[in-house]
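Undergrad: Any chance you could fold what I've pasted below:
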Amino acid sequence: AVEGEGAVGAEVPAPGGPRPPRPPAPRPPGPLVGPPPAGADLPAGPALGVVPRDWEARQLFAQEALHAGVPLVATAVGGLPDLVGDAATLVPAGDVDALDAAVRALLDDPAARAELGRRGTERAATWPTEADTVATLAALYAELAGNPGGAAAAPGSDAPRTGHR
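TA: The predicted structure is shown next:
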């Protein structure tokens, strides 16, 4: 959102008003597919991730950032504090100044970014893997189906089943 006056103020339409025509987008000088040019000074990955949410349960981007060792700044809402623990910088929801300060502080401190990245990968290593989740659900299903040993009942057997016959 843009608000205020100044050099671009006349170009910003009033809410609900007509929009001025957009200039044509600049064309790239060549194809954007393939490896970067030799000697290109590109970062190896993101400097940090930011999750500025008002509410969140178990944020997928936050999980991916921690798995990848990307330092994270997030709002302390919903399930995010339990998810990230001390592996992210948490700020109050809606506090733009705190979010700005946390992002700037991390961008200015490579050692702090490295430490959060390390904590993030350690935290992510404690989460269940896909195989763990499948095994847990299979054991739960077997227990609910009346087969605590975990082996599936043979079709047509007298073992209790869920659903209708």
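
Undergrad: contacting residues around the residue nearest to His67 when sequence neighbours are not counted?
TA: Counting by Cβ to Cβ, 6 or more residues apart in numbering, His67 lies nearest to Ala124, which is 4.3 Å off, once chain neighbours are set aside. For every residue, glycine as well, the C-beta is placed using N, CA and C. The contact partners of Ala124, by Cβ atoms under 8 Å, 6 or more residues apart in numbering, come to 63, 66-67, 87.

Undergrad: In helices only, show me these.
TA: Of the positions in these, 63, 66-67 sit in helices, assigned by DSSP state H.

Undergrad: which among those residues end up buried?
TA: By neighbour count, with 16 or more other Cβ atoms under 10 Å, the ones in helices among the contacts of Ala124 hold 63, 66 as buried.

Undergrad: Output stretch 122-141 in CSV with nothing but the alpha carbons.
TA: C-alpha atoms of stretch 122-141 as CSV (Å, rounded to 0.1, in the frame of the first residue of the first chain):
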residue,chain,number,x,y,z
GLU,A,122,18.9,-28.5,15.2
ARG,A,123,15.2,-27.7,16.0
ALA,A,124,14.0,-29.2,12.6
ALA,A,125,15.9,-32.4,13.3
THR,A,126,13.7,-33.0,16.3
TRP,A,127,10.5,-33.0,14.3
PRO,A,128,9.0,-36.3,13.1
THR,A,129,10.0,-37.4,9.6
GLU,A,130,7.5,-38.7,7.0
ALA,A,131,8.4,-42.3,7.9
ASP,A,132,7.8,-41.5,11.6
THR,A,133,4.4,-40.0,10.8
VAL,A,134,3.4,-43.0,8.7
ALA,A,135,4.5,-45.4,11.4
THR,A,136,2.6,-43.5,14.1
LEU,A,137,-0.6,-43.4,12.0
ALA,A,138,-0.3,-47.1,11.0
ALA,A,139,0.0,-48.0,14.7
LEU,A,140,-2.9,-45.8,15.6
TYR,A,141,-5.1,-47.3,12.9
